[in-house]
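Chemist: Give the three-dimensional model of this entry:
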Amino acid sequence: MLHQKLRLSRFGLHSNRTFSTLAFLFAIIHISVHNEYHEMGARLVANALEMDGWDVKYLGANTPGDDILKITERIQPALLAVSVTMPFNLENVFELTNEVKKTRSTMNTRIMLGGLALNNSPKLAESFAADGYAHNCRDSVTLARRWWEEAPLKNEAS
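Modeler: Prediction:
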């Protein structure tokens, strides 16, 4: 638990620091939901997006939903990438994506899903309040670029 607190403090969750939305216009938060301890694929995708020029904030595995929401509201990233390996964690992803989309300050954040639990059933991703699904690192970068080219990703709620 201490490592999570240290990780979260890097993003100002426990401080009065405010983030400039302009500074994070191209930000991506990449996480694995609560109770999800598999992070190799998520880390690879985060690295691929970072190498493509995105400002990636990788929060890692087993990130509690409330913390994800607080950080997402604070940073207001253009994109939230969610990785899920174990099928029993799909409910956590469902709850998280719904919460992000119904919160005024994050409703315009694009949500990208990925991970083994969805790779086995790609059509399942359509049942979530997400904007897209990526099968691997290459698909993640391609999808982020496509979203950017279609309409620059925005951080502000309308």
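Chemist: backbone phi and psi for residue 55, please?
Modeler: Backbone geometry at residue 55, expressed as degrees, to the nearest 10, gives phi -90, psi 100.
Chemist: With the one 5 residues further on instead?
Modeler: Summarising the backbone geometry of residue 60 under the convention degrees, to the nearest 10, its torsions are phi 90, psi -170.
Chemist: How about residue 33?
Modeler: Residue torsions, per degrees, to the nearest 10, at residue 33 are phi -70, psi 170.
Chemist: which residues does it bridge with?
Modeler: The residues listed as beta-bridge partners of residue 33 by DSSP bridges are residue 63.
Chemist: Kindly report the same for residue 56.
Modeler: What pairs with residue 56, by the bridge criterion (DSSP bridges), is residue 28.
Chemist: So it sits against residue 44, correct?
Modeler: No - look at residue 56 against residue 44 with CB atoms under 8 Å: they stay out of range, at 11.7 Å. To be clear about C-beta, it is placed using only N, CA and C from the backbone, and glycine gets the same treatment.
Chemist: Neighbour count: these two, which is higher?
Modeler: When neighbours are counted by other CB atoms under 10 Å, residue 56 and residue 44 differ, and residue 56 comes out ahead with 21 against 14.
Chemist: Now do the more buried one against residue 89, distance only.
Modeler: Separation of residue 56 from residue 89 (CB to CB, to the nearest Å) stands at 21 Å.
Chemist: how about the strands in the chain?
Modeler: Taking DSSP state E as the criterion, the chain carries its strands at 27-33, 55-63, 79-83, 110-114, 132-133.
Chemist: mind giving me JSON lines with those strands and columns for mean pLDDT and distance to residue 141?
Modeler: Conversion of those to JSON lines gives the following (pLDDT from 0 to 100; distance: least, CB to CB, whole Å):
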{"stretch": "strand 27-33", "mean pLDDT": "82", "distance to residue 141": "11"}
{"stretch": "strand 55-63", "mean pLDDT": "89", "distance to residue 141": "11"}
{"stretch": "strand 79-83", "mean pLDDT": "93", "distance to residue 141": "11"}
{"stretch": "strand 110-114", "mean pLDDT": "94", "distance to residue 141": "10"}
{"stretch": "strand 132-133", "mean pLDDT": "94", "distance to residue 141": "12"}
